[in-house]
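[1] Mind looking at a prediction? Sequence and model below.
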Amino acid sequence: MPLRPPPSASPDVGFAESSLGQSLLRVLAEGSASNRAIADYLLRNQVRVTALGIEELAEACAVSTATISRFARDLGFRNYAAMRGAVAETLQSLLQPVEKLRSTIARRSAKASPALESLGYAEAALTATRGALAGTQIDRVGTVLTKARTVYVLGFGLSSFLAGALAMHLQPFCRHVVEVAASGGTEVAAGHLATVGAKDVLVVISLPRYTLDVVPLTRFARDAGAAIVSITDSPASPLAELGHHVLYAHSAHPVLPSSSSAALAVIEALAVSLMTSNKANVAKAARHTEAIAAYLYGEHQVRSTQKKEGAKKRPIAKTS
């Protein structure tokens, strides 16, 4: 019987948490190269697999049909058809709430532009992410960040702006924050991580398409003793097995390679958790707001007006 998450959880996460998904994750971590390729494909393309014949799956994974058959038997199934049936059965309960949400979006956006339809998919991604995450997970990560000597934040490609946003949110509440890649590339990132150690935390962000260099840099930080917080899309992500703490953000999109909407929402949720975690951080947030108020449009005009009004109300000293 598959282990089933709450109905609103992301299908990718839900599938990975089922008994079949757990078996595939073990193969992904410990299997041969060909078996890892099959497991990875099954974890990422569950819906597609339910319609593929054994020859089509073999071609997609660049393996032979005999390898697919052995893979199915190794997982305890009689043949490939039985394994495909198990995938379909596991998906059935997971996809019902998601399909209901998608049909609602489709009906609502039948006459809408593709741009507005994309906003609907962003809404669906946020709903799926909220269902898969527990507030206690985010709060635990916040505690880890607060205690760290240095918090390193890493993201390449489309994830680089997410890393920048997270670094800005963390700066007022953590002892020291380093945006690892910043305006540089892999060489700059490796230089920043050269002194990472056991008292530090690396927050690494990567969504499909995953950047090749993010994995060895994350592994380097982990081997150096740093705590790893991964913000990624699926248990099949290469960052999932490297993270001591993993926050999943649903990223599926019908047009784009991936959507960053949910990942940004997770980052904002983490910032809110930090800001409100204790009285000291609430005070820090207030001081930070006061410190930057003079540089914000609108705030300067308000303060100038308040000063002028105060001067008008101040009594003029009488002279004898």
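    All right, it came through fine. Residues are numbered from 1 along each chain as shown.
[2] quick one: the helices in the stretch 51-200 of the chain?
    For the stretch 51-200 of the chain, the helices defined by DSSP state H, counting those that start in this stretch occupy 54-61, 65-74, 80-108, 114-132, 135-147, 160-170, 186-192.
[3] how much distance is there from the fifth one to the middle of the chain?
    I take that to be helix 135-147. 15 Å (Cα atoms, centre = their mean, to the nearest Å).
[4] Contacts for that helix, please.
    Here helix 135-147 makes contact (Cβ atoms under 8 Å, 6 or more residues apart in numbering) with 151, 170, 173-174, 201, 203, 227, 229, 245, 247, 266, 269-270, 273-274, 277, 281. In short, each C-beta sits where N, CA and C put it, glycine included.
[5] Just the buried residues of these.
    The neighbour-count criterion (16 or more other Cβ atoms under 10 Å) marks 151, 170, 173-174, 201, 203, 227, 229, 245, 247, 266, 269-270, 273-274, 277, 281 among the contacts of helix 135-147 as buried.
[6] Would you mind giving the domain segments of the chain?
    According to automatic domain parsing, the chain comprises the domains 11-100, 132-277, 280-313.
[7] Can you list which of the buried ones among the contacts of helix 135-147 are found in helices?
    When DSSP state H defines the helices, the subset of the buried ones among the contacts of helix 135-147 inside them is 170, 266, 269-270, 273-274, 281.
[8] Show me where this structure dips below the pLDDT cut-off.
    1-11, 93-112, 183, 278-279, 281-320 (pLDDT under 70).
[9] Swap in 50 and give it another go.
    Across the chain, residues meeting the criterion (pLDDT under 50) sit at 1-8, 97-98, 100-101, 320.
[10] returning to that earlier point: most packed of the helices of the stretch 51-200 of the chain?
    Mean neighbour count (mean count of other Cβ atoms under 10 Å) peaks for helix 160-170 among the helices of the stretch 51-200 of the chain, with a mean of 20.
[11] what packs against that helix?
    strand 151-155, strand 177-179, strand 201-205, helix 261-275 (3 or more Cβ pairs under 8 Å, 6 or more residues apart in numbering; DSSP states H and E).
[12] contact partners of that helix?
    Helix 160-170 has contacts (Cβ under 8 Å, 6+ apart) with 145, 151, 153-155, 177-182, 203, 205, 231, 260, 263-264, 267-268, 270-271, 274.
[13] How far away from the center of its chain is it?
    In terms of Cα atoms, centre = their mean, the centre of helix 160-170 is found 13 Å from the chain centre.
[14] ditto for stretch 217-233
    Distance of stretch 217-233 from the chain centroid (Cα atoms, centre = their mean) equals 14 Å.
[15] Of all the residues in it, which ones are buried?
    For stretch 217-233, by 16+ other Cβ under 10 Å, it's 217-218, 221-222, 226-233.
[16] Reformat these as a markdown table; add distance to Ala128.
    Output for those, formatted as a markdown table (distance: Cβ to Cβ, whole Å):
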| residue | distance to Ala128 |
| --- | --- |
| Leu217 | 28 |
| Thr218 | 25 |
| Ala221 | 29 |
| Arg222 | 28 |
| Ala226 | 30 |
| Ala227 | 27 |
| Ile228 | 24 |
| Val229 | 20 |
| Ser230 | 18 |
| Ile231 | 15 |
| Thr232 | 14 |
| Asp233 | 10 |
